[in-house]
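**Student:** Okay, sequence plus prediction incoming.
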Amino acid sequence: AQKITQTQPGMFVQEKEAVTLDCTYDTSDQSYGLFWYKQPSSGEMIFLIYQGSYDEQNATEGRYSLNFQKARKSANLVISASQLGDSAMYFCAMREGRGSARQLTFGSGTQLTVLP
Amino acid sequence: GAVVSQHPSRVICKSGTSVKIECRSLDFQATTMFWYRQFPKQSLMLMATSNEGSKATYEQGVEKDKFLINHASLTLSTLTVTSAHPEDSSFYICSARDPGQSRGVTGELFFGEGSRLTVL
């Protein structure tokens, strides 16, 4: 079974509008972390936001917020006031278990295009 | 913040030759580094976990004799693609863990810029 599922291969949003990128995950661990990364065409991975499994509040970082619904095992990324520079590939990722030395498992990604 | 640098960013080589990609942590000591591979329009797939001073741990299906990983110092891990073939053409990206980051897991994993390998 896929550990991280991103069901939207591509998304379009009008500039200045908000957009939600979906992510569901599968784990039997009680302790885990969820991440979102942005990958522009240049290839680098840019960390956006993190949510821990024990965090009671949804994470927010500037225009990014994470809609964490633990019972549904979903961790959707919300980008408010989209900008042209937000056009990129977005990956949801998970790290399972305790210990920060564990690797990340990535979803298949969502290509976001912001329209002027 | 912590910086991870990869070199080269792009490399083109002939089939049968070997290529070395370096991953350096510039302002912290990385005891653990991860090597990922990404095909066009696809996700990042973990290839191996590189541990300083010990052998790398390879993911299932990754040929350790083909993808040699060396983590000889706390700031450098190298990936050598031996006897490269066109099917090895891909984007290789490393990430490093900064054990000194105080903000829990959030800031501990940093990615290099990636290396695009093309094998002719």
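**Tutor:** Looks like it arrived, so ask away. Numbers count the residues shown, from 1 in each chain, chains lettered A, B, ... in the order given.
**Student:** buried residues in stretch A:59-78?
**Tutor:** Going by neighbour count (16 or more other CB atoms under 10 Å in any protein chain shown), the buried part of stretch A:59-78 is A:Ala59, A:Tyr64, A:Ser65, A:Leu66, A:Asn67, A:Phe68, A:Ser74, A:Ala75, A:Asn76, A:Leu77, A:Val78. Where C-beta positions appear, they are placed from N, C-alpha and C, glycine not excepted.
**Student:** and the first one, how far is that from A:Leu104?
**Tutor:** Yep, that's A:Ala59 we're talking about. Distance from A:Ala59 to A:Leu104, counting by CB to CB, to the nearest Å: 16 Å.
**Student:** same question, B:Leu79
**Tutor:** In terms of CB to CB, B:Leu79 sits 17 Å off from A:Leu104.
**Student:** what's the answer for B:Glu52, then?
**Tutor:** The value you get for B:Glu52 to A:Leu104, if CB to CB is used, is 19 Å.
**Student:** between these two, who's got more neighbours?
**Tutor:** Each of B:Glu52 and A:Leu104 has its neighbours counted (other CB atoms under 10 Å in any protein chain shown); A:Leu104 has more, 23 against 16.
**Student:** contacting residues for that one?
**Tutor:** A:Phe35, A:Ala93, A:Met94, A:Arg95, B:Phe34, B:Leu44, B:Leu46, B:Ser95, B:Leu109 (CB atoms under 8 Å, 6 or more residues apart in numbering or on different chains).
**Student:** Give me the nearest residue to the first one, chain neighbours excluded.
**Tutor:** Nearest residue to A:Phe35 in three dimensions, chain neighbours excluded: A:Ala93, at 4.4 Å (CB to CB, 6 or more residues apart in numbering or on different chains).
**Student:** these two touch, right, that neighbour and A:Ser108?
**Tutor:** No: counting by CB atoms under 8 Å, A:Ala93 sits too far from A:Ser108 to count as a contact (11.2 Å).
**Student:** Give the residue from the two that has the larger number of neighbours.
**Tutor:** Higher neighbour count among A:Ala93 and A:Ser108: A:Ala93, with 25 against 18, using other CB under 10 Å.
**Student:** immediately after the helix-or-strand element of chain B with minimal mean pLDDT, which helix or strand?
**Tutor:** Here the helix or strand of chain B ranked lowest by mean pLDDT, DSSP states H and E is strand B:109-111, holding a mean of 83. Proceeding N to C from strand B:109-111, the next assigned helix or strand is strand B:115-119, under DSSP states H and E.
**Student:** The residue nearest to A:Phe35 pairs with what?
**Tutor:** A:Phe35, A:Phe106 (DSSP bridges).
**Student:** For it, give me its contacts.
**Tutor:** A:Ala93 touches A:Ile4, A:Leu34, A:Phe35, A:Trp36, A:Tyr37, A:Leu104, A:Thr105, A:Phe106, A:Gly107, counting by CB under 8 Å, 6+ apart.
**Student:** before we move on, the earlier item: out of the contacts of A:Leu104, who's nearest B:Ile69?
**Tutor:** Checking the contacts of A:Leu104 against B:Ile69 by CB to CB gives B:Phe34 as the nearest, at 10.2 Å.
**Student:** What distance do you get for the closest one to B:Ala48?
**Tutor:** From B:Phe34 to B:Ala48 the distance is 8 Å (CB to CB).
**Student:** what does A:Thr27 give?
**Tutor:** Applying CB to CB to A:Thr27 and B:Ala48 gives a distance of 22 Å.
**Student:** Between these two, which is the more surrounded one?
**Tutor:** A count of neighbours by other CB under 10 Å puts B:Ala48 above the other of A:Thr27 and B:Ala48, at 23 against 17.
**Student:** Next up, the contacts around residue 112.
**Tutor:** This is for chain A. A:Gly10, A:Met11, A:Phe12, A:Val13, A:Val19, A:Leu21, A:Ile79, A:Asp86, A:Ser87, A:Ala88, A:Met89, A:Tyr90.
**Student:** was after chain B, sorry
**Tutor:** A:Glu44, B:Val4, B:Ser5, B:Gln6, B:Cys23, B:Ile93, B:Cys94, B:Ser95, B:Ala96.
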